[in-house]
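Novice: Coordinates for the following, if possible.
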Amino acid sequence: MHSVLIALRCTDLRYQVEPISTRRLLASMFMNVVIPTARPVALSITANGSIVPCRWSSSRLASSADIPSGEGTVVYHSFHSSPSWVASIDLVSHNHRDHLDEWSVKSLGSETQYIVPLGLAGWFRKRGLVRVQELDWWQDHTLRARGGSVRFTLVPAQHWSGRGLGDHNQSLWGGFVIESPTTRFYFSGDTGYPAAFAEIGKRFPDIDYALLPIGAYAPRWFMSPQHIDPAQAVIAFGELGARKFVPMHWGTFQLSDEPMNEPPRLLREAMATETSRIIELAIGETHWSTQKG
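Specialist: Presented below is the predicted three-dimensional model:
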């Protein structure tokens with residue numbers, strides 16, 4: 001048996017990432033997978049194929065108690081100084097400033113492995129961050145360490161790129177499918193609808209967790225080409241054929257006109273009798289579920 005966990009902790013765009021270490025999983029730690037986005041989600045993938053959580057803070061858990069078996073949630077509040085040995089993988093969906101913050105990237109350090117859309121590697125290399133892998137849509141990159149492997153595939157999203165007035169759509173954007181030997185994640189990045197949800201579901205069946213945006217959608221006349229709303233997120237979830245829905249991209253920054261507490265309410269309404277499939281995480285909260293591996 002192994003534990004599959006998702007953890008989320010966000011303060012602002014300036015963050016550090018490190019794992020929650022547990023006695024059971026520390027010895028098999030493989031890598032951290034960092035997905036910068038408003039209300040970000042961070043994952044760690046171990047060599048034996050399990051997923052363990054990362055945190056967004058300058059410190060880590062004071063307790064090293066085992067993650068319980070079964071399924072549940074917990075919010076952590078007690079922390080102490082962080083380890084210096086943590087290496088990470090940073091998945092960048094696109095170059096908008098709320099998803100790619102220069103201070104944050106530099107704080108992760110030069111040992112971090114970055115996986116980025118086509119045309120974005122130069123931005124990192126100019127800042128002395130040379131461990132960067134560019135991907136085109138449907139292109140994948142596999143990383144191996146300590147006897148385990150994780151495959152990252154950049155998949156299409158309906159969005160755009162640009163950090164200023166002169167670089168509109170000069171680099172690609174997208175989401176990621178993250179695959180360990182036992183678990184498959186989909187992270188959409190920023191996207192409108194229909195994007196390529198149905199095609200992604202066909203190419204990557206049996207997605208365990210779909211990380212989909214539910215906020216920054218109003219007004220629709222302006223936001224609809226680039227940001228899905230909760231109802232469209234539910235449609236996308238169905239097209240993906242995923243098992244669990246992890247809502248993201250809401251409740252952190254006031255990016256649009258809808259009330260900040262509206263997205264999860266509309267999501268629950270749209271999911272109707274399927275709300276048990278939603279994993280809605282508060283800031284600082286960890287969800288775990290145990291699966292056979």
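Novice: got the residue ranges for the helices in this structure?
Specialist: Using DSSP state H, the helices of the chain run over residues 102-108, 121-125, 197-203, 220-223, 230-240, 262-271.
Novice: quick one: buried residues of stretch 93-104?
Specialist: 93-96, 98-101, 104 (16 or more other Cβ atoms under 10 Å). Glycine gets a C-beta too; all of them are placed from N, C-alpha and C.
Novice: Convert that stretch to CSV, retaining C-alpha atoms only.
Specialist: Coordinates of the C-alpha atoms in stretch 93-104 are reproduced here as CSV (Å, rounded to 0.1, in the frame of the first residue of the first chain):
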residue,chain,number,x,y,z
SER,A,93,2.1,26.6,-17.5
HIS,A,94,2.7,30.0,-19.1
ASN,A,95,4.5,33.2,-18.6
HIS,A,96,1.8,35.6,-17.1
ARG,A,97,3.1,37.3,-14.1
ASP,A,98,0.6,35.8,-11.7
HIS,A,99,2.0,32.3,-12.8
LEU,A,100,5.6,33.1,-13.4
ASP,A,101,7.1,35.4,-10.8
GLU,A,102,10.8,36.2,-11.1
TRP,A,103,11.5,36.5,-7.4
SER,A,104,9.7,33.3,-6.7
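Novice: any chance of the helices of the chain in a markdown table, plus distance to residue 177 and mean pLDDT?
Specialist: Below are the helices of the chain laid out as a markdown table (distance: least, Cβ to Cβ, whole Å; pLDDT from 0 to 100):
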| stretch | distance to residue 177 | mean pLDDT |
| --- | --- | --- |
| helix 102-108 | 22 | 81 |
| helix 121-125 | 20 | 95 |
| helix 197-203 | 7 | 98 |
| helix 220-223 | 25 | 96 |
| helix 230-240 | 10 | 98 |
| helix 262-271 | 22 | 96 |
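Novice: Those helices: which one's closest to residue 140?
Specialist: helix 197-203 (10.8 Å; Cβ to Cβ).
Novice: Just the buried residues of the closest one, please?
Specialist: 197, 200-201.
Novice: quick check, nearest of those residues to residue 152?
Specialist: residue 200 (13.8 Å).
Novice: Can you name the residues bridging to the residue nearest to the closest one when sequence neighbours are not counted?
Specialist: Leaving aside its chain neighbours, residue 200 sits nearest to residue 155 (5.2 Å; criterion: Cβ to Cβ, 6 or more residues apart in numbering). Taking DSSP bridges, one finds residue 175 as the beta-bridge partners of residue 155.
Novice: so how far is residue 197 from residue 155?
Specialist: 9 Å (Cβ to Cβ, to the nearest Å).
Novice: now swap in residue 96 and tell me
Specialist: Residue 96 is 21 Å from residue 197, by Cβ to Cβ.
Novice: do residue 271 as well
Specialist: In terms of Cβ to Cβ, residue 271 sits 16 Å off from residue 197.
Novice: go on, residue 239?
Specialist: For residue 239, the distance to residue 197 - Cβ to Cβ - is 4 Å.
Novice: same deal with residue 159?
Specialist: From residue 159 to residue 197 the distance is 13 Å (Cβ to Cβ).
Novice: Low-confidence ranges, the chain, go.
Specialist: Counting by pLDDT under 70, the chain shows low-confidence ranges at 1-87, 145-147, 283-293.
Novice: Swap in 90 and give it another go.
Specialist: 1-91, 97-113, 143-150, 179-183, 185, 246, 248-255, 260-261, 279-293 (pLDDT under 90).
Novice: number of nearby residues for the residue nearest to residue 179 when sequence neighbours are not counted?
Specialist: What sits nearest to residue 179 in space, not counting adjacent residues and going by Cβ to Cβ, 6+ apart, is residue 151, at 4.6 Å. Close neighbours of residue 151, defined as other Cβ atoms under 10 Å, add up to 15.
Novice: picking up where we left off before, tell me the most buried of the helices of the chain?
Specialist: Of all the helices of the chain, helix 230-240 has the most neighbours on average by mean count of other Cβ atoms under 10 Å, namely a mean of 22.
Novice: My guess is the residue nearest to residue 179 contacts residue 141. True?
Specialist: Yes. Using Cβ atoms under 8 Å, residue 151 is in contact with residue 141, at 7.4 Å.
Novice: how much space between residue 200 and residue 260?
Specialist: 28 Å.
Novice: do residue 111 as well
Specialist: Counting by Cβ to Cβ, the gap from residue 111 to residue 260 is 36 Å.
Novice: More neighbours: which of those two?
Specialist: Neighbour totals were compared for residue 111 and residue 260, and residue 260 leads with 15 against 11 (other Cβ under 10 Å).
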